[in-house]
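Asks: Structure, please.
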Amino acid sequence: MAQLERANFGSKLGIILATAGSAVGLGNVWRFPYMAGENGGAVFIILYVICVLLLGLPCMISEFIIGRHARSNTARAYRKMSNGGPWTVIGYLSVLTGFLITGYYAVVSGWCLQYIYASLLGRLHGDPQYIRQYFSTFSTDAWKPVLWTVIILVMTHVIVRHGIRDGIERASKMLMPTLFILLLVIVVASCLLPGAGAGIEFLFNPDFSKLTPDVFLGALGQSFYSLSIGMGCICTFASYYSRHTNLSNTAIQIGIIDSVVAVLAGLMIFPAAFSVGVSPDSGPSLIFITLPNVFNQAFSTMPIVGYVVALMFYSLLSLAALTSLISLHEVSTAFFQEELHVTRNMAALIVTVSCCLMGTFCSLSLGGVESLSFLGKTLFDIFDFVTGQVFLPLCGFFTCLFVGWFMPHKVVRDEFTNNGTLRGRFFSVYLFFIKYVCPLFILLIFMHQFGVI
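Replies: Below is the predicted model:
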């Protein structure tokens with residue numbers, strides 16, 4: 001009876017935008033551009049799209065299958081599908097991964113809000129050294145980043161506590177179109193700058209001499225990171241899908257949206273960067289240190305335009321961060337609500353308060369609190385490393401093995417074909433990839449990260 005009363009998304013558009021919001025986040029707008037910049041531009045993009053289509057989508061469909069069939073939170077889904085066997089651990093690990101990511105991801109998301117505030121007050125103008133010092137001073141401050149972390153978590157809490165249709169779906173229908181509009185406006189402004197053609201060429205004219213195993217593994221890792229695979233988001237959202245939702249089509253649509261946003265993010269950043277002679281391989285600092293300087297230089301003759309573009313850009317970043325935080329928050333909210341048998345309001349409050357505490361400690365670890373560091377790594381870096389380089393690959397790897405080798409093929413086929421209402425001509429291809437190809441390449445990523453290969 002509980003399954004019949006479980007919430008569902010109200011429309012196909014809501015499903016696509018909410019799930020795409022999970023995938024489209026800082027991984028696309030912040031991480032993808034600097035990864036592309038460090039790995040050859042166009043070559044990296046080609047490999048990234050291939051990895052999304054051939055490896056990311058089968059893994060996404062696998063999480064869809066588990067979530068929709070079990071109709072419960074991610075931990076309970078694996079427990080139900082494995083009859084309480086050892087595979088249950090993967091469900092709990094996915095929830096834990098999403099929970100920990102929420103804590104430190106909120107810190108970076110809070111930085112985006114601070115940069116909106118700074119843009120409004122015109123504080124992001126000055127020489128490059130001033131911009132670098134501004135970021136360093138702010139990010140290591142004891143309480144300002146904590147304040148913004150709490151603010152964005154409270155914003156997320158307000159949306160999640162209202163449920164699937166009235167909260168997450170309604171917010172996604174507003175946030176995602178706004179994100180796309182802002183992205184397109186900034187892309188146009190960036191591509192119209194003098195000398196922007198070099199940045200466009202960097203993104204779309206592949207130099208295959210830069211193709212190396214490291215570039216390939218980097219593209220593969222980014223595809224999994226960007227699609228939110230292994231952190232419980234996809235599985236949890238799929239538990240709210242109706243039986244009429246076409247899982248393969250939904251995965252393809254989300255994969256296309258994710259790839260388009262990533263490429264547009266590159267078009268937003270690199271034409272402007274090349275226009276003022278900034279190196280494309282500026283790394284993770286590209287967003288918070290390099291780009292304010294790019295805006296200042298690129299629009300030096302039109303400061304009001306630079307002011308508006310900078311404000312729109314950091315608003316875009318904040319929206320991307322918020323859409324991902326909503327899905328991450330929901331993973332843990334659904335878990336606590338169903339496992340502790342409490343109301344959604346209480347479950348959301350547990351997650352928000354816990355993540356505020358985690359975010360506070362992660363932020364303070366960047367401010368020189370030595371007791372929050374271990375073996376030369378800050379608590380923030382430890383959370384990032386453990387979740388991104390250990391837990392995510394493990395969850396993805398064992399999910400592939402679980403669906404490909406343990407779950408009854410009839411169950412997998414029925415979910416894949418919507419209980420036989422759709423033709424399953426690609427099912428054999430999907431099953432081959434999920435049994436052999438995806439686990440192999442995830443294992444390669446994992447081994448490469450630890451220097452084994």
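Asks: what pLDDT does the closest residue to Ser11 other than its chain neighbours get?
Replies: Closest residue to Ser11 in three dimensions, ignoring its sequence neighbours and counting by CB to CB, 6 or more residues apart in numbering: Glu169, at 7.5 Å. Yep, even glycine has a C-beta here, placed from its N, CA and C like the rest. On the pLDDT scale, Glu169 is placed at 88.
Asks: Wait, Glu169 touches Phe9, no?
Replies: Yes: using CB atoms under 8 Å, Glu169 is in contact with Phe9, at 5.5 Å.
Asks: how far away is the residue nearest to Ser11 from Gln114?
Replies: From Glu169 across to Gln114, the span is 29 Å (CB to CB, to the nearest Å).
Asks: Same question for Glu38.
Replies: Applying CB to CB to Glu38 and Gln114 gives a distance of 25 Å.
Asks: Mind listing the shared neighbours of Glu169 and Phe9?
Replies: Counting by CB atoms under 8 Å, 6 or more residues apart in numbering, the residues touching both Glu169 and Phe9 are Ala18.
Asks: Ends of stretch 279-289, what's the gap?
Replies: 13 Å (CA to CA, to the nearest Å).
Asks: got any ranges where the stretch 301-450 of the chain has weak pLDDT?
Replies: For the stretch 301-450 of the chain, the stretches with pLDDT under 70 are 368.
Asks: Kindly recompute the last result at 80.
Replies: 301-303, 305-306, 368-371, 373, 375-376, 419-425, 448-450 (pLDDT under 80).
Asks: Which residue ranges of it form helices?
Replies: 303-339, 344-365, 379-385, 392-401, 409-416, 427-432, 438-449 (DSSP state H, counting those that start in this stretch).
Asks: so what secondary structure elements neighbour the last one?
Replies: Helix 438-449 sits against helix 213-226, helix 392-401, with contacts defined as 3 or more CB pairs under 8 Å, 6 or more residues apart in numbering; DSSP states H and E.
Asks: Including distance to Ala106, could those helices go into JSON lines?
Replies: Converted to JSON lines, those look like this (distance: least, CB to CB, whole Å):
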{"stretch": "helix 213-226", "distance to Ala106": "17"}
{"stretch": "helix 392-401", "distance to Ala106": "18"}
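Asks: need these in a markdown table with distance to Val188 and mean neighbour count, can you?
Replies: Below are the helices and strands packed on helix 438-449 laid out as a markdown table (distance: least, CB to CB, whole Å; neighbours: other CB atoms under 10 Å):
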| stretch | distance to Val188 | mean neighbour count |
| --- | --- | --- |
| helix 213-226 | 24 | 22 |
| helix 392-401 | 34 | 24 |
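Asks: Which residues does stretch 243-259 contact?
Replies: Residues contacting stretch 243-259 (CB under 8 Å, 6+ apart): 12, 15-16, 19-20, 23-24, 28, 48-49, 52-53, 56-57, 60-61, 64-65, 68, 226-227, 238, 241, 415-416, 418-419, 422, 426, 430.
Asks: How about stretch 15-23?
Replies: Under CB under 8 Å, 6+ apart, the answer for stretch 15-23 is 9, 168-169, 172-173, 175-177, 226-228, 233-234, 237, 241, 245, 250, 253-254, 257-258, 323-324, 326-328.
Asks: Would you mind checking these for buried ones?
Replies: 9, 168-169, 172-173, 175-176, 226-228, 233-234, 237, 241, 245, 250, 253-254, 257-258, 323-324, 326-328 (16 or more other CB atoms under 10 Å).
Asks: Helices - which of those land there?
Replies: 172-173, 175-176, 226, 233-234, 237, 250, 253-254, 257-258, 323-324, 326-328 (DSSP state H).
Asks: picking that back up, PyMOL command for the buried members of the contacts of stretch 243-259?
Replies: Restricted to buried positions by 16+ other CB under 10 Å, the PyMOL selection for those reads:
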select buried, resi 12+15+16+19+20+23+24+28+48+49+52+53+56+57+60+61+64+65+68+226+227+238+241+415+416+418+430
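Asks: of all the helices of the stretch 301-450 of the chain, which lies closest to Leu264?
Replies: Nearest of these to Leu264, taken as CB to CB: helix 303-339 at 10.4 Å.
Asks: The closest one relative to helix 344-365, how many degrees between them?
Replies: When axes from the mean of the first three to the mean of the last three CA atoms, to 10 degrees is applied, the directions of helix 303-339 and helix 344-365 differ by 130 degrees.
Asks: Can you list the buried residues in helix 303-339?
Replies: 306-338.
Asks: Next one: the closest residue to Ser82 other than its chain neighbours relative to Ile66, how far apart?
Replies: Leaving aside its sequence neighbours, Ser82 sits nearest to Thr88 (CB to CB, 6+ apart; 5.7 Å). According to CB to CB, Thr88 stands 12 Å off from Ile66.
Asks: Then Ala273?
Replies: Counting by CB to CB - Ala273 and Ile66 are separated by 41 Å.
Asks: swap in Phe406?
Replies: Applying CB to CB to Phe406 and Ile66 gives a distance of 11 Å.
Asks: For the most far-flung residue of the chain relative to its centre, give me phi and psi.
Replies: Distance from the centre of the chain peaks at Thr301, with 35.6 Å (CA atoms, centre = their mean). Main-chain dihedrals, Thr301, degrees, to the nearest 10: phi -80, psi -10.
Asks: Same check on His341?
Replies: phi 60, psi 50.
Asks: That one: how many residues sit nearby?
Replies: 9 (other CB atoms under 10 Å).
Asks: got the contact list for stretch 194-207?
Replies: 36, 40-43, 45-46, 190-191, 263, 266-267, 269-276, 280.
Asks: next one: that stretch to chain centre, how far?
Replies: 26 Å (CA atoms, centre = their mean, to the nearest Å).
Asks: Could you give the average pLDDT over that stretch?
Replies: So the average pLDDT for stretch 194-207 ends up being 87.
Asks: hey, C-alpha coordinates of that stretch in CSV?
Replies: Provided in CSV are the C-alpha atoms of stretch 194-207 (Å, rounded to 0.1, in the frame of the first residue of the first chain):
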residue,chain,number,x,y,z
PRO,A,194,37.4,40.4,-30.5
GLY,A,195,39.6,37.4,-30.9
ALA,A,196,37.0,35.0,-29.6
GLY,A,197,37.5,32.8,-32.7
ALA,A,198,40.6,31.3,-31.2
GLY,A,199,38.6,30.0,-28.2
ILE,A,200,35.9,28.6,-30.5
GLU,A,201,38.6,26.8,-32.6
PHE,A,202,40.2,25.4,-29.4
LEU,A,203,36.8,23.8,-28.6
PHE,A,204,35.8,22.5,-32.0
ASN,A,205,39.1,21.9,-34.0
PRO,A,206,40.5,18.7,-32.5
ASP,A,207,44.3,18.2,-32.3
